[in-house]
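Participant: Structure for the following, please:
(one chain, ligands or ions: 1)
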Amino acid sequence: MAHVLVTGAAGFIGSHTVDRLLAAGHAVTGLDNFRTGRRANLAAALAAPRFAFHEGDVAAPGALAALVGTVRPDAVIHLAALVSVQESMTDPDLNYALNVHATHLVAEAARLHGVRRIVFASSAAVYGDTADFPLRETTEKSPISPYGAAKLASEAILLGHGAAFGLTVRCQRYFNVFGPRQDPASPYSGVISIFDRRYRSGQGVTIYGDGQQTRDFISVHDVARANLLAATAPAVASGVANICTGRATSLLEVVGVFARHYPAAPAVVHGAPRTGDILHSLGAPAHADAALGFRAEVSVETGLGELIRTG
Ligand code: UD1
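Facilitator: Purely as a prediction, here's the structure:
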């Protein structure tokens, strides 16, 4: 059994990661300030004896180092972040504080208190708008948002600390994650969370553009398992890996699955393509398999079916 500290534990990916760690028999300490996370996401975990929760801000001076020094985890999974690309554009200072400086605080807390491993929530946003598909870890990185830049900088900060001070660092470049507990609140929330909420309430959905755009949609259950492996698998070396399926799914295919479950839903409306959108995104998944033994297992069809049935 390992003891893992999860920052951003009450978030979408964080809460599923906590659940997966607990199910695998590990002890988990969760940290979250509920800026975007929700206590309800931890309903099951809070009833588990191997889970302890601390409400707090990972970016508050001294807070994380104090917690790490007290609980002495074997590994930290650092998921706390400013999660909205859009918000990083309207508030780059906050993006820097939460997505760059906070990462440095995690690296330092780990160094000072002998944490052996850090797993970091990076993003396909580090690649920017490139047409060089599938995106490999070696593909040129050209972030086109403060968010993507912060994720790339954070990878470097953590890998540098890891190499200098002997910690294992795994940077996980998540592609388009979907599944239960994803917040559909903003127009820039993940498209599947928006569609799910609208179909559920009997409303139709709007596709921006012709619907032929594709994404590498990966189930949050697969992402949580990738985090579990990165934090606890034996003999893992430092590095960066795409966390993706390697399969492209178009929005028309996504809507097709919803439409089968909601045959009475209003017809889909097509709007103008969203400014700044990329047409395609697709990752190469081989590296995560080689480094962690991770392969995505949940198809979009299966994952959407579960989301639609259980919410
Ligand atoms: C991701 C980010 C987004 C950022 C963009 C550019 C997430 C969830 N989104 O978007 O904030 O600006 O990268 O780096 O991380 N769509 C519709 N109808 C809707 C909502 C979305 O057709 O109601 C379309 C979008 O126009 C897009 C596709 O669905 O073509 C996927 O959208 P989204 O889930 O936001 O993912 P990304 O485009 O990858």
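
Participant: List the buried residues for the top helix by length along the chain?
Facilitator: Ranked by residue count under DSSP state H, the longest helix found in the chain is helix 146-165. Within helix 146-165, the residues that count as buried by 16 or more other Cβ atoms under 10 Å are 146-155, 157-159, 161-162. (C-beta placed from N, C-alpha, C; glycine too.)

Participant: And the residues you listed, which is closest to Gln213?
Facilitator: For the buried residues of helix 146-165, the residue nearest Gln213 by Cβ to Cβ is Gly148; the value is 18.4 Å.

Participant: wait, that closest one sits on Gly128?
Facilitator: Yes - the pair Gly148 and Gly128 passes the contact test of Cβ atoms under 8 Å, sitting 6.1 Å apart.

Participant: how much space between Val76 and Val220?
Facilitator: Look at Val76 and Val220: by Cβ to Cβ, to the nearest Å, they are 20 Å apart.

Participant: again but with Ser145, I slipped
Facilitator: Noted for Ser145: a distance of 22 Å to Val220, by Cβ to Cβ.

Participant: Give me the more crowded residue out of those two.
Facilitator: Neighbours were tallied for Ser145 and for Val220 using other Cβ atoms under 10 Å; the higher tally belongs to Val220 (23 against 19).

Participant: contacting residues around the more buried one?
Facilitator: 12-13, 16, 177-182 (Cβ atoms under 8 Å, 6 or more residues apart in numbering).

Participant: try 6 Å
Facilitator: Val220 makes contact with 16, 177, 179 under the criterion Cβ atoms under 6 Å, 6 or more residues apart in numbering.

Participant: ok, now Val126?
Facilitator: With the criterion set at Cβ under 6 Å, 6+ apart, Val126 makes contact with 141, 143, 148, 151-152.

Participant: so which of the residues you listed comes closest to Gly202?
Facilitator: Of all the contacts of Val126, the one with the least separation from Gly202 (Cβ to Cβ) is Gly148, at 35.9 Å.

Participant: Please identify the residue most distant from the middle of the chain.
Facilitator: If you look at how far each residue of the chain sits from its centre, by Cα atoms, centre = their mean, the farthest one is Ala264, at 32.9 Å.
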